[in-house]
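J.: Any chance you could fold what I've pasted below:
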Amino acid sequence: MFGAIFYWTIHTVLQILTVIRAITREGREPASRIAWVVVILVLPIVGMLLYYLFGEVNIGQKTVRRMKENIARLPSHPAVVSELSPSVIPQVLRPVFDRIAVVNEFQALAGNSAELMADSDSAIDRMVADIDAATEHVHLLFYIWLTDENGLKVLEAVKRAAARGVTCRCLIDGLGSRKMARSDHWRDLAASGAKTAITFDLTFLLWHMIFSRADVRNHRKIAVIDFETTYCGSQNCADPAFLPKAKFAPWVDVVARVQGPIAWQMQWIFASDWMTHAEEDISDLMQEMPKAKGDMIAITSGTGPTQGVQAVPDMFQMLLTSAFEELVVTTPYYVPNEALHQQLCSTARRGVAVTMIFPARNDSGIVGRASRSYYLSLLEAGVRIFEYKPGLLHAKTMVADRRSAIFGSANMDRRSFDINYENNMFVMDELFVGAMRQRQETYLQDSNEVTLHDVQGWSLGKRLSNNLVAMMGPLL
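T.: Residues are numbered from 1 along each chain as shown. Predicted structure coming up:
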């Protein structure tokens, strides 16, 4: 009897302390606080364990300190950089550029050109060609790098570059690329002379979980070749068949090959990660700005739990407010915060033709159900919803009025907002943005429209399932 009373006393005290910690934790939305309080109180012991494992975004004090020190070494721009006249940017788009500029202390850069790759295989082939032509350096960072045809095609190109004396640095995520990290291919790459490193390595998982959150991921996709050529988009280094989740294939991505000064900013984001996780100082590479290659104006952002708090939803919301005629969005995962969701609805209500394209089949059943819980309010606001049928639409794009666009690695979900390290590019260029808008149109042609009548006809069980999962949205 005494033992039981002692146990429940200790348990209750720990619950209360954990609830207080969850409520007083800085930088957390009220919905997230409520959700965690419910989990802690409803699930004895397990709730507290889940909170300390996943309730706080912590990458470890040592890593944070190293990251901040390395970022301090990196200049926010080269010693010589031409200022962009504010008059070049329309007034309505300046808040978008200004908000993104705050994240990494970058500035909008003119003189860029971009080419939208035809598909995932074309993007890999073009990247391989650029690596084969490299004379100075090859920098690659992928959340997922698979040992499939495309993955090995890139790996072999890097080995060839290293063999001819090109400095190659390859960075992968410890979870997303865990099979590559443990493979002979990765060891052979290092043996070839290429430098390799792993972000958030989970080799010693238990030790890692004690001092930091295990599911913090580097979700970025970056390639920078010879200072002036960079790749940005949603594609990992893998086949469209994406063998780990082949039943959802093909995975459909958007990738742009971009040249010009903007490559410097992508190099900066790569360098900040490389210097943190490989512990090699490459800040001396950031002295010169690449030459102008076109007329596109662009700015990049490297966001994460230690960089640019709430920058991802903010930049999405800023672009929403800039649209006056049309806004088209593609995202595989839609679990937004309340502010972003309401801004989407408000944009449609003020007369903008808002279209959202989701995959018909989601590789995450939980996230898919959570996403559909928002359909009713979106449709009632006037948003048109389409579900892409041929495969998993993995492209993350937002195009406003056919003149500006955001694309990159970030989804419209809370992982991208609060937990993952992401990279995105915001561009203003009618030719390139027009090509991206046309790409979105091809997705629409292969999609079924979901109407208000369809959603109102969903069964009680389906609506209950979707909404119950969405209630846990702040925890997803």
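
J.: okay, CA-based contacts and neighbour counts for the rest of this
T.: Will do.

J.: element containing the residue lying closest to residue 465 once chain neighbours are set aside, please.
T.: Nearest residue to residue 465, sequence neighbours excluded (Cα to Cα, 6 or more residues apart in numbering): residue 369, at 7.2 Å. Assigned by DSSP states H and E, residue 369 falls within helix 365-372.

J.: same question, residue 4
T.: Assigning secondary structure by DSSP H and E places residue 4 in helix 2-24.

J.: for the closest residue to residue 78 other than its chain neighbours, phi and psi?
T.: Take residue 78 and drop its neighbours on the chain: the residue closest to it by Cα to Cα, 6+ apart is residue 287, 5.1 Å away. Main-chain dihedrals, residue 287, degrees, to the nearest 10: phi -90, psi -30.

J.: Could I get the contacting residues of the closest residue to residue 377 other than its chain neighbours?
T.: Counting by Cα to Cα, 6+ apart, residue 345 is the residue found nearest to residue 377 once chain neighbours are left out, at 7.5 Å. With Cα atoms under 8 Å, 6 or more residues apart in numbering as the criterion, the residues that contact residue 345 are 377-378, 381-383.

J.: Now, of those, which are buried?
T.: Among the contacts of residue 345, those buried by neighbour count (16 or more other Cα atoms under 10 Å) are 378, 381-383.

J.: tell me which residues of the helix holding residue 4 are tucked away?
T.: Judged by neighbour count (16+ other Cα under 10 Å), helix 2-24 contains these buried residues: 15, 18-19, 22-23.

J.: Check stretch 281-293 too.
T.: 283, 286, 289-290, 292-293.

J.: how about these in CSV, adding distance to residue 74?
T.: Shown next, in CSV, are the buried residues of stretch 281-293 (distance: Cα to Cα, whole Å):
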residue, distance to residue 74
283, 6
286, 7
289, 14
290, 17
292, 22
293, 24
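
J.: distance between the helix or strand encompassing residue 150 and the chain's centre?
T.: Residue 150 is part of helix 149-163, with elements assigned from DSSP H and E. In terms of Cα atoms, centre = their mean, to the nearest Å, the centre of helix 149-163 is found 25 Å from the chain centre.

J.: what residues go with each domain of the protein?
T.: As given by automatic domain parsing, the domain ranges for the chain are 2-54, 61-303, 311-475.

J.: any idea which of the ones you listed scores lowest on pLDDT?
T.: Looking over the domains of the chain, mean pLDDT reaches its minimum on domain 2-54, with a mean of 74.

J.: where along the stretch 301-450 of the chain do the strands fall?
T.: For the stretch 301-450 of the chain, applying DSSP state E, counting those that start in this stretch gives strands covering 326-330, 334-335, 353-359, 384-388, 392-393, 397-400, 404-408, 412-413, 422-428, 447-450.

J.: Which one of those strands lies nearest to residue 87?
T.: Among these, strand 422-428 comes nearest to residue 87, with 13.5 Å by Cα to Cα.

J.: angle of the closest one against strand 404-408?
T.: Calculated by axes from the mean of the first three to the mean of the last three Cα atoms, to 10 degrees, strand 422-428 forms an angle of 160 degrees with strand 404-408.

J.: how many neighbours does the closest residue in space to residue 310 that isn't next to it in sequence have?
T.: With sequence-adjacent residues excluded and distances taken as Cα to Cα, 6+ apart, residue 310 is closest to residue 417, at 6.0 Å. Neighbours of residue 417 under the rule other Cα atoms under 10 Å: 24.

J.: could you pull out the helices for the stretch 151-300 of the chain?
T.: Secondary structure of the stretch 151-300 of the chain by DSSP state H, counting those that start in this stretch: the helices cover 178-181, 184-191, 205-211, 262-277.

J.: Comparing those, which comes out most buried?
T.: helix 262-277 (a mean of 24; mean count of other Cα atoms under 10 Å).

J.: Could you verify my assumption that residue 119 touches residue 251?
T.: No. If you go by Cα atoms under 8 Å, residue 119 and residue 251 don't touch, sitting 10.1 Å apart.

J.: Which one's more surrounded, those two?
T.: Regarding residue 119 and residue 251, a neighbour count based on other Cα under 10 Å identifies residue 251 as having more, with 21 against 14.

J.: And the nearest residue to residue 175 once chain neighbours are set aside, how far from residue 217?
T.: Leaving out its chain neighbours, the residue that sits closest to residue 175 by Cα to Cα, 6+ apart is residue 202, at 6.9 Å. Distance of residue 202 to residue 217, given as Cα to Cα, to the nearest Å: 11 Å.

J.: The two - which one has more neighbours?
T.: residue 217 (23 against 17).

J.: The closest residue to that one other than its chain neighbours: what's it in contact with?
T.: Distances taken as Cα to Cα, 6+ apart put residue 420 closest to residue 217, at 5.0 Å, once the chain neighbours are dropped. By Cα under 8 Å, 6+ apart, the residues touching residue 420 are 216-219, 303-305.

J.: Might you report the residue contacts of the residue lying closest to residue 223 once chain neighbours are set aside?
T.: Of all residues not flanking residue 223 in the chain, residue 140 sits nearest, at 4.6 Å (Cα to Cα, 6+ apart). Residues near residue 140 by Cα under 8 Å, 6+ apart: 169-171, 221-224, 270.

J.: Those residues in strands, which ones?
T.: If you go by DSSP state E, the contacts of residue 140 have 169-171, 221-224 in strands.

J.: I'd like a version of those in CSV, one that adds neighbour count as further columns.
T.: Below are the ones in strands among the contacts of residue 140 laid out as CSV (neighbours: other Cα atoms under 10 Å):
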residue, neighbour count
169, 21
170, 23
171, 25
221, 27
222, 27
223, 22
224, 28
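
J.: got a markdown table for those residues, with distance to residue 438 too?
T.: Output for these, formatted as a markdown table (distance: Cα to Cα, whole Å):
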| residue | distance to residue 438 |
| --- | --- |
| 169 | 35 |
| 170 | 33 |
| 171 | 33 |
| 221 | 23 |
| 222 | 24 |
| 223 | 25 |
| 224 | 26 |
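
J.: out of these, who's nearest residue 447?
T.: For the ones in strands among the contacts of residue 140, the nearest to residue 447 is residue 221 (26.5 Å; Cα to Cα).

J.: That closest one pairs with what?
T.: Judged by DSSP bridges, the bridge partners of residue 221 are residue 142.

J.: Would you check that it makes contact with residue 143?
T.: Yes. Contact criterion Cα under 8 Å: residue 221 and residue 143 qualify, at 6.4 Å.

J.: which neighbours do the two share?
T.: Contacts common to residue 221 and residue 143, judged by Cα under 8 Å, 6+ apart, are residue 236.

J.: In contact with the residue positioned nearest the centre of the chain, which residues?
T.: The centre of the chain sits closest to residue 410, judged by Cα atoms, centre = their mean, with a distance of 2.5 Å. Shown here is residue 410, whose contacts under the criterion Cα under 8 Å, 6+ apart are 219, 234, 312, 396, 416-417, 422-424.

J.: swap the cut-off to 10 Å and go again
T.: By Cα atoms under 10 Å, 6 or more residues apart in numbering, the residues touching residue 410 are 219-220, 233-234, 303, 312-313, 331, 333, 395-397, 416-417, 420-424.
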